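1. Make a model of this:
(one chain, ligands or ions: 1)
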Amino acid sequence: MAEKIVLPASVEGQAIENAVQRCILAECGAAYGIRERIYVCSRCGGPLEIEIGSVPAAKRGAELRKLWAARAASHDPRDISGVWRYRELLPFEDGAAVVTLLEGHTPLYDAPRSAEYCGLAHLRLKHQGCNPTGSFKDTGMTAAITQAVLLGARTAVCASTGNTAASLAAYAARSGLQAAILLPYGQVSAAKLAQSLDYGAAVCEIEGNFDDCMCLIQELGDDPAIYVANSINPFRIEGQKTVAFELMEQCEWRVPDHVVVPGGNMGNSTALGKGFQELLALGLIDRLPKLQVVQAEGAAPLARLFAALTPGDLRGGAHLPSRMATVENPSTLATAIKIGAPVSWQKSLRAVVGSGGSILSVTEQEIADAKAIIGRDGIGCEPASATTVAGMKKLVAAGRVRREESVVGVLTGHVLKDPDYVSRYHHGTLAIGEKNGAASRPIASTFANVPERVAASKAAILENLARRR
Ligand code: F0G
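-> Numbers count the residues shown, from 1 in each chain. Purely as a prediction, here's the structure:
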């Protein structure tokens, strides 16, 4: 018989009893109920985060770990989901009807070629592209749509560069909500757009960029029938933070020195930072991994801000800047992170500084080459995800990460999310700046793998293979 695990009173049932939504700004700190439909602080407009209730004493940490591990043998959908498996740390009642596609449980791969490319002895890549809709967004969307249903919303909306949209469309379809999606017209990969159409979402293609779409979303959020599912919504972050829990289980609770993630709207880095912080507070880990966030050079407002921080800012972390200069016309072929005004920048910056990590940027060429190398490991990912390997290579070259340190990169999207980019790279036709009359800058296909036409005979095929061996 399975061992009965008794949880401390404060976590029995759920953390819901004393959970609140709290403004993160030190000078405000206002708290709101967990079922209040707000996205930013009503008092000061600051960002909100969920504060889970009182946490169990550190010595009970091992029991929580055991409980999570025991769920691996269960057939309850909440136990199969790699998000709801950690429900003691999620702000929902025990009996809440969860909207799940059995997200999470993504693989952690050894990536020897990518490691060598970076100058590391070892590198592991956690592939969030193996989620149901092919990106990390699903781990947050399951929580956001569960909350939307609980609040009685009719329509869930998001602005998106494509992946949030596909995820929202799928989870809304599962729950019976209408999905309304604002996409920057002509700037989303065809594969991602196709997913949203197939899942039945109302897709609005907006004349403008992602940041314009995001502004519209903040206006739409006032409508009582509408629920905003962007990562400005703290429930998205709650779902996404469980990736830190799953990763630590896969690492057998040995904390990596660095966790490296792409940065766009900055929800993912915020969520990972929060997840690790909670594990630390619970005594489940004894230190934080350094969070390394990587932006594309043409869409890197936070990397720019980070580079200007003083050693005092980095040490204390208490008085971080309250403003960030946005990038007016962000530009990158990694369209998922083509964002000039990330909404969660303050939370992300706090998490990075608190962990002793950094925020940097990489070029289009560095992204493209790193992506091809990840492919050669038999893993593959979409362009934005490859900022991780490109960024790590840069950090090692700069002596900021040592060869022997342990590193985990989070790949955020599947290789099939943007097949046009992959095809152009290997055919030698990838270039940036082709639109709006701007001069086109070609990207070199350093690791091109070009298909060859071969005569329809065994001899011709064998001859061709011998030549390419
Ligand atoms: N990687 C991929 C594949 C993404 O789709 C995104 C964001 C990011 C990284 C950046 O994560 O925004 O949490 O910092 N995509 C959003 C979208 C913006 O609409 O799909 P972030």
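
2. Which of the three states applies to the nearest residue to residue 162 once chain neighbours are set aside?
-> With sequence-adjacent residues excluded and distances taken as CB to CB, 6 or more residues apart in numbering, residue 162 is closest to residue 192, at 3.1 Å. Quick note: C-beta positions are derived from backbone N, CA and C, even for glycine. The local conformation at residue 192, judged by DSSP: H, G, I helix; E, B strand; the rest coil, is helix.

3. Residue 192 against residue 166, yeah?
-> Yes - in terms of CB atoms under 8 Å, residue 192 counts as a neighbour of residue 166; the distance is 5.4 Å.

4. coming back round to it: any figure for the gap between the residue nearest to residue 162 and the ligand?
-> Noted for residue 192: a distance of 8 Å to the ligand, by CB to the nearest ligand atom, to the nearest Å.

5. Next: residue 176.
-> Computed with CB to the nearest ligand atom, the distance linking residue 176 and the ligand is 23 Å.

6. Which residues does stretch 425-433 contact?
-> By CB atoms under 8 Å, 6 or more residues apart in numbering, the surrounding residues in contact with stretch 425-433 are 298, 331-333, 364, 368, 371-372, 421, 424, 439-443, 445, 448-451.

7. who in the stretch 201-350 of the chain is up against the ligand?
-> In this structure, the stretch 201-350 of the chain approaches the ligand at residues 231, 262-269, 336-337, judged by CB under 6 Å from any ligand atom.

8. how about CSV for those, with pLDDT, neighbour count and secondary structure added?
-> Output for those, formatted as CSV (pLDDT from 0 to 100; neighbours: other CB atoms under 10 Å; DSSP: H, G, I helix; E, B strand; the rest coil):
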residue, pLDDT, neighbour count, secondary structure
231, 89, 27, coil
262, 98, 31, strand
263, 98, 34, coil
264, 98, 31, coil
265, 97, 26, coil
266, 98, 27, coil
267, 97, 26, helix
268, 98, 28, helix
269, 98, 33, helix
336, 98, 30, helix
337, 98, 27, helix
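
9. Redo these as JSON lines? Include distance to residue 75.
-> Conversion of these to JSON lines gives the following (distance: CB to CB, whole Å):
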{"residue": "231", "distance to residue 75": "31"}
{"residue": "262", "distance to residue 75": "34"}
{"residue": "263", "distance to residue 75": "37"}
{"residue": "264", "distance to residue 75": "36"}
{"residue": "265", "distance to residue 75": "35"}
{"residue": "266", "distance to residue 75": "36"}
{"residue": "267", "distance to residue 75": "31"}
{"residue": "268", "distance to residue 75": "30"}
{"residue": "269", "distance to residue 75": "34"}
{"residue": "336", "distance to residue 75": "34"}
{"residue": "337", "distance to residue 75": "37"}
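
10. I'd like to know which of the residues you listed is nearest to residue 457.
-> Proximity of these to residue 457, judged by CB to CB, is greatest for residue 336, which lies at 42.8 Å.

11. Skip the chain neighbours and tell me the closest residue to that closest one.
-> Counting by CB to CB, 6+ apart, the nearest residue to residue 336 once its immediate chain neighbours are dropped is residue 384, at 3.8 Å.

12. what's the answer for residue 442, then?
-> Take residue 442 and drop its neighbours on the chain: the residue closest to it by CB to CB, 6+ apart is residue 431, 4.6 Å away.

13. Same check on residue 183?
-> Spatial nearest neighbour of residue 183, excluding adjacent residues (CB to CB, 6+ apart): residue 205 at 5.5 Å.

14. now do residue 278
-> Using CB to CB, 6+ apart and skipping residues adjacent in sequence, the residue nearest residue 278 is residue 89, 6.1 Å away.

15. From the ligand, how far out is the one you found?
-> Counting by CB to the nearest ligand atom, the gap between residue 89 and the ligand amounts to 20 Å.

16. next one: residue 441
-> The separation that residue 441 has from the ligand, given CB to the nearest ligand atom, amounts to 22 Å.

17. Show the contacting residues for that residue.
-> With contact set as CB under 8 Å, 6+ apart, residue 441 has these partners: 364, 431-433.

18. Emit the PyMOL select command for whichever of the residues you listed are buried.
-> Buried subset of the contacts of residue 441, written as a PyMOL selection, criterion 16 or more other CB atoms under 10 Å:
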select buried, resi 364+432
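
19. Closest to the ligand out of the contacts of residue 441?
-> Within the set of the contacts of residue 441, residue 364 lies nearest the ligand; the separation is 15.4 Å, counting by CB to the nearest ligand atom.

20. right, and that closest one touches residue 298 too?
-> Yes - counting by CB under 8 Å, residue 364 touches residue 298, with 7.4 Å between them.

21. Common neighbours of the two, please.
-> Taking CB under 8 Å, 6+ apart as the contact definition, residue 364 and residue 298 share the neighbouring residues 332, 432.

22. Residue ranges in the protein under the pLDDT threshold?
-> Low-confidence regions of the chain, defined here as pLDDT under 70, cover residues 1-16, 54-60, 316-318, 434-438.

23. quick one: the residue nearest to residue 162 and residue 175, what's the gap?
-> As defined by CB to CB, to the nearest Å, residue 192 lies at a distance of 21 Å from residue 175.

24. Settle it for me: which of those two has more neighbours?
-> Per other CB atoms under 10 Å, whichever of residue 192 and residue 175 has more neighbours is residue 192, with 27 against 19.

25. wait, what's in contact with that one?
-> By CB under 8 Å, 6+ apart, the contact set of residue 192 is 161-163, 165-166, 417-418.

26. Now for residue 240, how many residues are close by?
-> Other residues near residue 240 come to 29 when the count uses other CB under 10 Å.

27. And residue 428, how far from the ligand?
-> As defined by CB to the nearest ligand atom, residue 428 lies at a distance of 24 Å from the ligand.

28. need the contacts of residue 441 in JSON lines with distance to the ligand, can you?
-> Output for the contacts of residue 441, formatted as JSON lines (distance: CB to the nearest ligand atom, whole Å):
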{"residue": "364", "distance to the ligand": "15"}
{"residue": "431", "distance to the ligand": "21"}
{"residue": "432", "distance to the ligand": "18"}
{"residue": "433", "distance to the ligand": "21"}
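
29. Only C-alpha atoms, please: export stretch 339-346 in CSV.
-> Included here for stretch 339-346 are C-alpha records, laid out as CSV according to Å, rounded to 0.1, in the frame of the first residue of the first chain:
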residue,chain,number,x,y,z
ILE,A,339,9.3,42.6,-28.4
GLY,A,340,10.5,46.1,-27.6
ALA,A,341,8.4,46.8,-24.4
PRO,A,342,8.3,43.6,-22.3
VAL,A,343,5.5,43.8,-19.7
SER,A,344,7.2,41.6,-17.1
TRP,A,345,10.6,43.3,-17.1
GLN,A,346,10.5,44.5,-13.5
